[in-house]
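Undergrad: need a structure here:
(2 chains)
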Amino acid sequence: MTGRILPFGPSLAAPAEPLPPPGRGRRGDAGEGPLSALDQERFRRLLLPHMDGAYNFARYLCRDASLAEDLVQDAFLRAFKGFAGYRGGDPKAWLFAIVRSSHLTWARSRSANLQAPPDDVEETAAEDDTPEQALVRQGEVETVRSAIEALPEPFRETLVLRELEEMSYREIAEVTGAPIGTVMSRLARARAMLLAALGAEGPAAEEAKP
Amino acid sequence: MSACPDKEMLLHGLLDGELDAANAQATEAHLKTCPGCAEAYRGLQALRGRLAAPGVAYGASDTLRARLEAMTAPPRARPRRIMAAAPWALSGGFAALAATFAIMLLQPTTALLQDQLVASHVRSTLAGHLVDVATSDRHTVKPWFNGKIDFAPPVVDLAADGFPLVGGRLDYLDKRVVAALVYRRNQHLVNLFIWPAKPGLLPARAAAPPAGYAIVHWTANGLQFWAVSDVEPRDLEAFHQAFAKAAHG
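TA: Here you go, the predicted structure:
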């Protein structure tokens, strides 16, 4: 179940937002239409493996569990419909750019509608943790998650793409549409802010605490 | 103590494996001589360790996973939509085909084969693998099998008899690749498995098929036919008669 109606929900069939990055994967009139069975298999093979990453990225972008699910679903739908226009290149970066675009569309329409900000960030345990792991991890993991979520968006997304999704600078530039130099300076700044928030001590020092 | 300002980007580049060989070497050498940069680099490594801890990255829930799987399911898992758009082709002159078929109701060679048949039928009705070629046009289905199997199964449309053709696919039965034709009877599906008959081998009588399923078997023109469905046995027999009339004359 989705917990929230997206403002752009009904207009999914014709989103105005062009799909970044420009030059490829762009939705065009010729790219519309049903995919062949072969293309569908290709889509599934290339893009379904990035489901977890797409959710992780969306989750840190919007900081809301159920909104992130809607964003990912919307992004997959748009990717699916626009797949005929996909011209190769890294499928993960292509998909993530669409996730980011879905989030932008949502954020813009939210500010246009002056709705309540969704900053009531849910404090949920990792869905895939066993209870035991959760007990051990919760303190440290929640601390780190909160610190990431507190970063301003450009720094947050750059850090998540690099550290959690292990993307190269070039791929991050592709997803975010920023020049590589900007990616590098944002990453350095994001890490500095995280270190300041989390303290200089490493995980060993953290875990040694009672 | 802090890192040299002009080296900061290099430390990040080194950590991320983004430096070329010359810069990487120079930065590593610098780390050995500059305690400030070395400390900063250790801090970055420690931060990376904390970010890499399991649980920091989120994963898709099973619900989302299932939704995306369903949304992108290949067309063969959604035969109804394709059927609605497909034109009907009526069965025609297959009378010229020599027809030598023997009817043996509920006589699979072994219980094992029978179980395989029902299992294949059930599997095909679950989302994922009903047909590889989804069309009611027998002129599309028949050539589709060319080159995929070493025999030519007769493909007829039985829409006039109440069994519209849904499509065809390849299946694996009795240790070989077989052709499967899929027909629809109201809301039920009929799987017709076809592969070459083994000459001189009469199937032995086996137990009745699992409750709720009917199997009809016959051979014609060197091929063996196994129709499997959850329709009423007499409906399946009607299917057999209609198919035999159209395909074998």
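Undergrad: poorly predicted segments of chain A, please.
TA: Low-confidence segments of chain A (pLDDT under 70): A:1-34, A:114-138, A:200-210.
Undergrad: which strand or helix spans the closest residue to chain A within chain B?
TA: Per Cβ to the nearest Cβ, the residue of chain B with the smallest distance to chain A is B:A46, at 3.2 Å. Where you see a C-beta, it was placed from the backbone N, CA and C, and this is true even at glycine. Following DSSP states H and E, one finds B:A46 within helix B:35-51.
Undergrad: give me the mean pLDDT for that helix.
TA: Here helix B:35-51 scores 95 as its mean pLDDT.
Undergrad: so after that helix, what's the next helix or strand?
TA: Heading C-terminal from helix B:35-51, the first helix or strand you meet, by DSSP H and E, is helix B:62-71.
Undergrad: could I get the CA-only coordinates of stretch B:118-126 as PDB?
TA: These are the backbone C-alpha positions of stretch B:118-126, laid out as PDB (Å, rounded to 0.1, in the frame of the first residue of the first chain):
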ATOM      1  CA  VAL B 118      -0.300 -31.400 -14.800                       C
ATOM      2  CA  ALA B 119       2.700 -29.500 -13.200                       C
ATOM      3  CA  SER B 120       3.500 -27.900 -16.600                       C
ATOM      4  CA  HIS B 121      -0.100 -26.900 -17.000                       C
ATOM      5  CA  VAL B 122      -0.300 -25.400 -13.600                       C
ATOM      6  CA  ARG B 123       3.000 -23.600 -13.900                       C
ATOM      7  CA  SER B 124       1.800 -22.100 -17.200                       C
ATOM      8  CA  THR B 125      -1.300 -20.700 -15.700                       C
ATOM      9  CA  LEU B 126       0.700 -18.900 -13.000                       C
END
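Undergrad: how deep is the closest residue to B:L173 other than its chain neighbours tucked in, by neighbour count?
TA: Counting by Cβ to Cβ, 6 or more residues apart in numbering or on different chains, B:Q116 is the residue found nearest to B:L173 once chain neighbours are left out, at 5.3 Å. By other Cβ atoms under 10 Å in any protein chain shown, the residues close to B:Q116 number 20.
Undergrad: name the residues of the helix or strand encompassing B:Q116 that are buried.
TA: Secondary structure from DSSP H and E places B:Q116 in helix B:111-125. For helix B:111-125, burial by neighbour count (16 or more other Cβ atoms under 10 Å in any protein chain shown) applies to B:113-114, B:116-118, B:120-121, B:124-125.
Undergrad: do stretch A:48-66 as well
TA: Residues A:50-66 are the ones in stretch A:48-66 that count as buried (16+ other Cβ under 10 Å).
Undergrad: if we can go back for a sec, identify, from the buried residues of helix B:111-125, the entry nearest to A:Y169.
TA: Taking Cβ to Cβ as the measure, A:Y169 sits nearest to B:S124 out of these, at 47.9 Å.
Undergrad: what's the closest non-adjacent residue to that closest one?
TA: Spatial nearest neighbour of B:S124, excluding adjacent residues (Cβ to Cβ, 6+ apart): B:L130 at 5.1 Å.
Undergrad: is the one you found in a helix, a strand, or coil?
TA: Here B:L130 is recorded as coil under DSSP: H, G, I helix; E, B strand; the rest coil.
Undergrad: pLDDT value on it, please?
TA: B:L130 is assigned 72 on the pLDDT scale.
Undergrad: count of neighbours near it?
TA: For B:L130, the count of nearby residues is 23 (other Cβ under 10 Å).
Undergrad: swap in B:T63?
TA: Counted with other Cβ under 10 Å, B:T63 comes out at 11.
Undergrad: select the longest helix from chain A.
TA: Criterion DSSP state H: the longest helix present in chain A is helix A:91-113.
Undergrad: which elements pack onto that one?
TA: helix A:37-47, helix A:51-62, helix A:65-81, helix A:169-176 (3 or more Cβ pairs under 8 Å, 6 or more residues apart in numbering or on different chains; DSSP states H and E).
Undergrad: dump the shortest one to PDB, restricted to CA.
TA: In this case it means helix A:169-176. Provided in PDB are the C-alpha atoms of helix A:169-176 (Å, rounded to 0.1, in the frame of the first residue of the first chain):
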ATOM      1  CA  TYR A 169      32.500  10.700  -9.900                       C
ATOM      2  CA  ARG A 170      31.500  10.500 -13.600                       C
ATOM      3  CA  GLU A 171      28.300   8.500 -12.800                       C
ATOM      4  CA  ILE A 172      27.400  10.800 -10.000                       C
ATOM      5  CA  ALA A 173      27.800  13.800 -12.400                       C
ATOM      6  CA  GLU A 174      25.500  11.900 -14.900                       C
ATOM      7  CA  VAL A 175      22.800  11.300 -12.300                       C
ATOM      8  CA  THR A 176      22.900  14.800 -10.700                       C
END
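Undergrad: which strands and helices sit next to whichever helix or strand comes after that helix?
TA: Scanning forward in sequence from helix A:169-176 by DSSP H and E, the next helix or strand is helix A:180-198. With contacts taken as 3+ Cβ pairs under 8 Å, 6+ apart, helix A:180-198 sits against helix A:131-149, helix A:153-159, helix A:169-176, helix B:8-15, helix B:35-51.
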